[in-house]
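Visitor: pasted the sequence and its predicted model underneath.
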Amino acid sequence: MSFFKAILIQLNFHKSFFENDLILPFYDKIYNKTDNQYFLNTAKAKIDQYKNKIVTINFIPPFFDLKLNQLNNVYNYYKVQTHVGFLIDLKNFESINKYLKFQFGISSRYKLRRALKKLEKCFDINYRMYYGDIDLANYNFLLDELELMIKKRFSQRKEKHGHLGAWSFYKETTYALILDKKASLFVVYDGNKPIAMVINYLRQNIFEYGIPSYDINYAKFGIGNIVILKELEWCFKNQFQIMDMGWGDLWYKRKWCNSVYKYETHILFKKNQWYGHLIAYLFSKLIVFKIHLRNLIINPIKKKIVLFKRKIGTKYSSEIIQKKTFEKSDIAISKNAIKLEYNKKEFAFLLKHIFDFQYSNSEHSKNIEVYKIDESQNSNSFIISGKSKMEKIVFT
């Protein structure tokens, strides 16, 4: 195994091309099949560092045709299909409404519109796509908020997030890409507070849905779907024909995407090395075997483990033992009740319940009041009060 580790190098095309804005030195150019345009490799990076190596290049989407470097015509490659990817192809649709009508049934479209109306009715919602211009201080603040959203969301899901380990890289590099219109940052605001964000990567007519997350307290409103909807609207307005949602077989991708594909992996070897040719061939077969093993055995086991972790995990440090809604006229708030500034950090555990109450009763934030009530047997009781209804919740 140490021999293979010494001779094999693995590279990620997606990361190099979209996130680093580089074309790997093995290729002269990239043909974009979706608009018949080329990306030219002008970096002139040296290929010597890969001398005597077998190079595996992963995550090449099939809508790109990579042309080998003809000046250094020393490489050939095997090609295998690997991970499943998802994209939204907008080329044959005139508007977002036409696409929604094609992709969703009447009931699903109604639920999506209802969720959007609920969100905008309950909060002071505004949307912003940072593309070509963003203040550096604001950028740093938003990236810190996005990191925090991801940490909370994936802690809730009992899973690891693939980008958090390299967050300093994304924070350092994405700003310049936004200014150069090779990336964008989409933000959903509640007033001045960011509640959902996505880092996107943009090349020609391709909109790469990159790193999304949202404030889990707003989950009841289906905010993840609203983000995709608003980004699709932006794609139509700005002539982006492909929204690529990448790898990862997740339910929301199957819901939104009208095209499923498989990424390619290139295993490059030097033409004049017989052993390189043999090793590359054997490695290509090993990749195919690992894919079958992953799909048949590993992925089903992983899903069961994740579901088990979520089942035994708790979302909050406190447990609700009572939750009841009243007409406002049916109950009086005690004179001893303490009105809370519920947006303070110390009351963060209440926010999801407050927002769920707003969703159920179509209440705007400006009409919400929250009280802590002191009862003889339990002092962890709270009242959420709106225009016409109130809800009492009790924690252990």
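Guide: Everything's here; your move.

Visitor: let me see the mean pLDDT of the longest strand belonging to the chain.
Guide: Criterion DSSP state E: the longest strand present in the chain is strand 75-89. The average pLDDT for strand 75-89 rounds to 93.

Visitor: the helices in the protein, which residues?
Guide: Along the chain, counting by DSSP state H, helices occupy 2-7, 13-14, 96-103, 106-122, 136-157, 167-179, 223-237, 251-256, 274-293, 299-312, 351-361.

Visitor: starting at the chain centroid, how far to stretch 180-190?
Guide: Distance of stretch 180-190 from its chain centroid, counting by C-alpha atoms, centre = their mean, to the nearest Å, is 13 Å.

Visitor: how about it as CSV, C-alpha atoms only?
Guide: Extracted as CSV, the C-alpha positions of stretch 180-190 are listed here (Å, rounded to 0.1, in the frame of the first residue of the first chain):
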residue,chain,number,x,y,z
ASP,A,180,-14.2,39.2,-10.0
LYS,A,181,-17.8,37.9,-10.5
LYS,A,182,-16.6,34.3,-10.3
ALA,A,183,-18.4,33.8,-7.1
SER,A,184,-21.5,35.3,-5.3
LEU,A,185,-22.9,35.4,-1.8
PHE,A,186,-26.6,35.2,-1.6
VAL,A,187,-28.1,36.3,1.7
VAL,A,188,-31.7,36.3,3.1
TYR,A,189,-32.1,38.9,5.8
ASP,A,190,-34.7,39.2,8.6
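
Visitor: give me the contact list for that stretch.
Guide: For stretch 180-190, the surrounding residues in contact (C-beta atoms under 8 Å, 6 or more residues apart in numbering) are 21, 123-132, 134, 139, 142, 174, 177-178, 194-203, 210, 214, 218, 223, 226-227, 230-231, 234, 365. The way it works is simple: take the backbone N, C-alpha and C, and place the C-beta from them, glycine included.

Visitor: now do the buried residues in it.
Guide: Within stretch 180-190, the residues that count as buried by 16 or more other C-beta atoms under 10 Å are 182, 183, 184, 185, 186, 187, 188, 189, 190.

Visitor: related to what we said a few turns ago, what packs against the longest strand of the chain?
Guide: strand 54-60, strand 64-68, strand 242-247, helix 251-256, strand 259-270, helix 274-293 (3 or more C-beta pairs under 8 Å, 6 or more residues apart in numbering; DSSP states H and E).

Visitor: ok, that strand: who's next to it in the sheet?
Guide: Strand 75-89 has the following strand partners under DSSP bridges: strand 242-247 (antiparallel), strand 259-270 (antiparallel).

Visitor: now tabulate those in a markdown table and tack on distance to residue 85 and mean neighbour count.
Guide: Supplementary listing: the strands paired with strand 75-89 in a markdown table, determined by distance: least, C-beta to C-beta, whole Å; neighbours: other C-beta atoms under 10 Å:
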| stretch | distance to residue 85 | mean neighbour count |
| --- | --- | --- |
| strand 242-247 | 5 | 22 |
| strand 259-270 | 5 | 20 |
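
Visitor: which one, of these, ends up nearest to residue 26?
Guide: strand 259-270 (6.0 Å; C-beta to C-beta).

Visitor: tilt between that closest one and helix 274-293?
Guide: When axes from the mean of the first three to the mean of the last three C-alpha atoms, to 10 degrees is applied, the directions of strand 259-270 and helix 274-293 differ by 160 degrees.

Visitor: how does the chain divide into domains?
Guide: For the chain, automatic domain parsing gives the domain ranges 2-83+261-299, 92-240, 320-395.

Visitor: as a markdown table, the ones you listed with distance to residue 250 would be great.
Guide: As requested, the domains of the chain are exported to a markdown table (distance: least, C-beta to C-beta, whole Å):
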| stretch | distance to residue 250 |
| --- | --- |
| domain 2-83+261-299 | 12 |
| domain 92-240 | 10 |
| domain 320-395 | 22 |
